[in-house]
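1. I need the structure of the sequence given here:
(one chain, ligands or ions: 1)
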Amino acid sequence: MSDSSKRTDPEKEKRKIKSVQKMKEIMTNYYIEAKGAADTGKKVAWITSGGPVEPLIAMDVIPVYPENHGAMIGASKMGIELCEKAEEMGYPRELCSYARADIGCAVTDGGPIGGLPRPDFLVCCNNICGTVMKWYEVAARYYNVPLFILDTPFTHREFPPAAKQYVIDQIYEYIAFLEENCGKKMDYDRMQEVGRLSVEGLRLWQAVLDSGAHKPAPMTAFDAFFHLALIVTLRGTQEAVDYYRQLRDEMQERINQGIGMVPNEKYRLLWDNLPVWYRTKWLSEKFASHDACLVADTYTSAWSGVLPYIDENNFLETMAVAYSQVYINVSLDIMIDTLRRLIKKYDVDGLVMHSNRSCKPYSLGQYDLQKIVMEELKIPTLILEADMVDERSFSESQIETRIDAFMETLKS
Ligand code: SF4
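-> Numbers count the residues shown, from 1 in each chain. Next up, the predicted model:
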């Protein structure tokens, strides 16, 4: 018997999600294809994470997500060096660390995959923030490529018909932009099929997230952060559908066998905001050491959260409304409705909010949400101040103390 097999812990092995390997293979192949696009003649478009990717897939354009790349930079703990590079160029530390890390990467070809493939054009949707507008303008100038901006009005309560028509009109302008830059016409039958695959993938992803409602939860929000990558990058493809079907089935199998991700799950928590990419393992172990499981989060459910607005038989026009309703393009009134729904659905005991120095639209308003959750729902809450990519904003001792104190409150 080898040394390594002697060290294998069967309990840990049992809890490992088997689909992880498949996910890594798909993402590796995706980036190999994207980086080799110049050799295959395929076009590459950079697109924001909340942008409507389906028309790109229908036009055989490879979508590349600087934010997903930013997450990889964070998880690889390369954020500081790349953020500092952008700061040397004059970008302030207050700027989103995804933007800083990607800008630092663009001029150095550094980072975990040696930089992103050069874009043929850019697609920016401001349904996530205003930062992306300036970031993509900078990228368009740097690479000297065309930029399409899709402007989605903010939703306070209702989304009025005029706003809906405004976004629908832009969807057709977007298609015209793609036709011009790809030198071919949109195949609307193909577009409809991509829309159907997108909806199917989103439903399966939601089914995966729903598994967290089971006690014990077969996966945690930390697992969801990892498995989210395909719903972001390959939404609208058969590959994403097949993968999430496999993952959903694996979750069901774990439920059938009573396998929970946290060995002695006693406390169920909801996470708000983006992950702290460079500390997911540490945070996961820290909460697990208190028998606490993060069973759901507002971030990974943001993509499938718009499903009620989509009619797959009229995908193009209904997606205009759906893409305008993503979690951070809505008012606090709507956000609190989402929190209420998640707290009830997953039967959580506490809420953990990552006050993310980088992401202002996600973090502004968290103190108001915290107040409502505590007063109305009587749920203890914890706010952790950090940053998703820039480790300079993470104080381990302070966060550890806060988590320990919060867990003591929950236990008492
Ligand atoms: S500010 Fe927030 S929403 Fe905007 S790019 Fe950065 S992380 Fe994403």
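
2. which element is Leu351 on?
-> strand 350-356 (DSSP states H and E).

3. let me fix that, I meant to ask about Ala139.
-> Per DSSP H and E: helix 131-143 holds Ala139.

4. I'd like the next helix or strand past that helix.
-> strand 147-150.

5. what residues does this protein have near the ligand?
-> For the chain, the residues in contact with the ligand (C-beta under 6 Å from any ligand atom) are Glu67, Cys96, Tyr98, Ile128, Cys129, Thr131, Val132, Ser358, Cys359, Pro361, Tyr362. Just so you know, the C-beta spots here come from the backbone N, C-alpha and C atoms, and that holds for glycine as well.

6. neighbouring contacts of stretch 173-185?
-> Contact with stretch 173-185 is made by 43, 52, 55-56, 59-61, 120-121, 123, 146, 148, 150, 186, as judged by C-beta atoms under 8 Å, 6 or more residues apart in numbering.

7. now the stretch 251-400 of the chain against the ligand: closest residue?
-> For the stretch 251-400 of the chain, the residue closest to the ligand is Cys359, as judged by C-beta to the nearest ligand atom, at 3.2 Å.

8. which residues sit in contact with that residue?
-> Cys359 sits next to Cys96, Cys129, Asn273, Leu274, Ile328, Met388 when contact means C-beta under 8 Å, 6+ apart.

9. and with 7 Å instead?
-> Cys96, Asn273, Leu274, Met388 (C-beta atoms under 7 Å, 6 or more residues apart in numbering).

10. surely the first one is in contact with Lys360?
-> This means Cys96. No. Cys96 lies out of contact with Lys360 (C-beta atoms under 7 Å); the separation is 8.0 Å.

11. compare neighbour counts for the two and give me the winner.
-> Cys96 (27 against 15; other C-beta atoms under 10 Å).

12. could you give the backbone dihedrals for that one?
-> phi -50, psi 130 (degrees, to the nearest 10).

13. how about the secondary structure of the residue nearest to the spatial centre of the chain?
-> With distances taken as C-alpha atoms, centre = their mean, the chain has Thr300 as the residue nearest its mean C-alpha position (5.3 Å). Following DSSP: H, G, I helix; E, B strand; the rest coil, Thr300 is assigned to coil.

14. report pLDDT for it.
-> For Thr300, the model assigns a pLDDT of 97.

15. that one - nearest residue in space that isn't next to it in sequence?
-> Leaving aside its sequence neighbours, Thr300 sits nearest to Ala224 (C-beta to C-beta, 6 or more residues apart in numbering; 4.2 Å).

16. shouldn't the one you found be in contact with Tyr299?
-> No. Checked against C-beta under 7 Å, the pair Ala224 and Tyr299 is beyond contact range at 8.3 Å.

17. could you list every residue that touches Leu197?
-> Per C-beta under 7 Å, 6+ apart, neighbours of Leu197: Gly236, Thr237, Gln238, Val241.

18. next, it: phi, psi?
-> phi -70, psi -40.
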